[in-house]
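*Asks:* Starting from these lines, generate the structure:
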Amino acid sequence: MELSQISTVRIRLLIYCVQFSPDPSNNAIDIEHVAQQVAQEDDFGSTAEYAASIREALDSETQLSLLIPQPHSEAVIRSFLSKLLDRLTTEE
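*Replies:* Below you'll find the predicted structure:
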């Protein structure tokens, strides 16, 4: 399954926030920082819409680590997104 265009945009934005972090999947500060930014609800969607895009991304076969130039592996990006999703959905 291909990732929808709006979900691709949202996932790129989330990865962009942590592209220079040494290991965003194991850094609670990175996860909390991005969760707080998502909660501010920008032009790209609400917290629920970002959560839906993360679910879509994690269910897709798209190589998420290639959506923007950054050094993290696919496993690290998927782990980060999974932990971020957990964080976002605990507040729903």
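*Asks:* Low-confidence ranges, the chain, go.
*Replies:* Where the chain drops to pLDDT under 70, the residues are 91-92.
*Asks:* check which helix or strand covers I68.
*Replies:* According to DSSP states H and E, I68 maps onto no helix or strand at all.
*Asks:* dump the residue contacts of it.
*Replies:* Residues near I68 by Cβ atoms under 8 Å, 6 or more residues apart in numbering: 12, 15-16, 19. Where you see a C-beta, it was placed from the backbone N, CA and C, and this is true even at glycine.
*Asks:* Dump those into CSV; add distance to L66 and neighbour count as well.
*Replies:* CSV is the format used below for the contacts of I68 (distance: Cβ to Cβ, whole Å; neighbours: other Cβ atoms under 10 Å):
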residue, distance to L66, neighbour count
R12, 11, 13
I15, 10, 22
Y16, 13, 13
Q19, 12, 13
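*Asks:* okay, those residues in JSON lines with secondary structure next?
*Replies:* Listed next are the contacts of I68 as JSON lines, based on DSSP: H, G, I helix; E, B strand; the rest coil:
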{"residue": "R12", "secondary structure": "helix"}
{"residue": "I15", "secondary structure": "helix"}
{"residue": "Y16", "secondary structure": "helix"}
{"residue": "Q19", "secondary structure": "coil"}
